[in-house]
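S.K.: Predicted model, plus sequence, below.
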Amino acid sequence: MSFDIDPPLCKFVVLLNKKLDSGVVLNAASHMVASLMDKAGASEKENMKFLDYPDADGQVHPVSGLSLIVLRADNSNKIRTARQQAIEAGILHVDFTESMTGDTCVEQMERTKLQRESELNYYGLCMFGPKHEIDKITSKFSLWR
């Protein structure tokens with residue numbers, strides 16, 4: 001079986017605060033990826049390559065055909081800077097902050113509303129867009145280990 005797939009022009013990146021426990025960052029990453037997919041418009045979704053991986057039993061295992069790289073940031077401020085760069089570059093992105101944890105979503109929104117952006121403790125940032133633009137923002141970060 002052969003596949004006719006163009007070289008990827010876009011990619012997904014999840015940037016996570018390395019100071020957090022694995023359960024906390026996994027939760028943040030999951031929320032961000034789900035939110036990014038919801039936020040994506042038709043033009044972004046056209047560039048997201050999802051493939052069906054059939055197994056020998058005929059069952060299908062769908063997954064993204066694009067890179068989804070998980071990176072680590074030293075702290076919240078590094079994520080804040082990357083977020084600002086994503087905004088300036090017009091890259092589709094979502095973030096997750098400490099204020100978005102615990103209690104109910106209503107209480108989380110109220111807690112977030114009371115903080116200035118500079119006071120938010122960023123747990124992560126998720127982006128999708130042109131590979132060359134995202135690489136400019138993320139080249140200084142290491143792979144999550």
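M.R.: Thanks, I have the structure now.

S.K.: which helices and strands does the helix or strand containing E88 pack with?
M.R.: Taking DSSP states H and E as the definition, one finds E88 inside helix 76-89. If contacts are counted by 3 or more Cβ pairs under 8 Å, 6 or more residues apart in numbering; DSSP states H and E, helix 76-89 sits against strand 10-17, strand 92-97, strand 122-130, helix 131-138. To be clear about C-beta, it is placed using only N, CA and C from the backbone, and glycine gets the same treatment.

S.K.: Using JSON lines, please lay out those together with mean neighbour count.
M.R.: Output for the helices and strands packed on helix 76-89, formatted as JSON lines (neighbours: other Cβ atoms under 10 Å):
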{"stretch": "strand 10-17", "mean neighbour count": "23"}
{"stretch": "strand 92-97", "mean neighbour count": "22"}
{"stretch": "strand 122-130", "mean neighbour count": "25"}
{"stretch": "helix 131-138", "mean neighbour count": "17"}
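
S.K.: Save those as a markdown table, and put in mean pLDDT and distance to V106 too.
M.R.: What follows is the helices and strands packed on helix 76-89, written out as a markdown table (pLDDT from 0 to 100; distance: least, Cβ to Cβ, whole Å):
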| stretch | mean pLDDT | distance to V106 |
| --- | --- | --- |
| strand 10-17 | 97 | 25 |
| strand 92-97 | 98 | 16 |
| strand 122-130 | 97 | 20 |
| helix 131-138 | 96 | 33 |
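
S.K.: Please identify which of those is closest to A56.
M.R.: When the helices and strands packed on helix 76-89 are compared by Cβ to Cβ, strand 10-17 sits nearest A56, at 28.3 Å.

S.K.: then whichever helix or strand comes after that closest one to PDB, C-alphas only?
M.R.: Using DSSP H and E, the helix or strand that directly follows strand 10-17 along the chain is helix 22-39. The C-alpha coordinates for helix 22-39 follow below in PDB (Å, rounded to 0.1, in the frame of the first residue of the first chain):
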ATOM      1  CA  SER A  22       3.200  15.000  34.800                       C
ATOM      2  CA  GLY A  23      -0.500  14.600  35.700                       C
ATOM      3  CA  VAL A  24      -1.000  18.400  35.700                       C
ATOM      4  CA  VAL A  25       0.700  18.900  32.300                       C
ATOM      5  CA  LEU A  26      -1.100  16.000  30.700                       C
ATOM      6  CA  ASN A  27      -4.400  17.500  31.800                       C
ATOM      7  CA  ALA A  28      -3.300  20.900  30.500                       C
ATOM      8  CA  ALA A  29      -2.200  19.400  27.200                       C
ATOM      9  CA  SER A  30      -5.400  17.500  26.700                       C
ATOM     10  CA  HIS A  31      -7.500  20.600  27.300                       C
ATOM     11  CA  MET A  32      -5.400  22.600  25.000                       C
ATOM     12  CA  VAL A  33      -5.500  20.200  22.100                       C
ATOM     13  CA  ALA A  34      -9.300  19.800  22.400                       C
ATOM     14  CA  SER A  35      -9.700  23.600  22.500                       C
ATOM     15  CA  LEU A  36      -7.400  24.100  19.600                       C
ATOM     16  CA  MET A  37      -9.500  21.700  17.500                       C
ATOM     17  CA  ASP A  38     -12.600  23.600  18.500                       C
ATOM     18  CA  LYS A  39     -11.100  26.900  17.700                       C
END
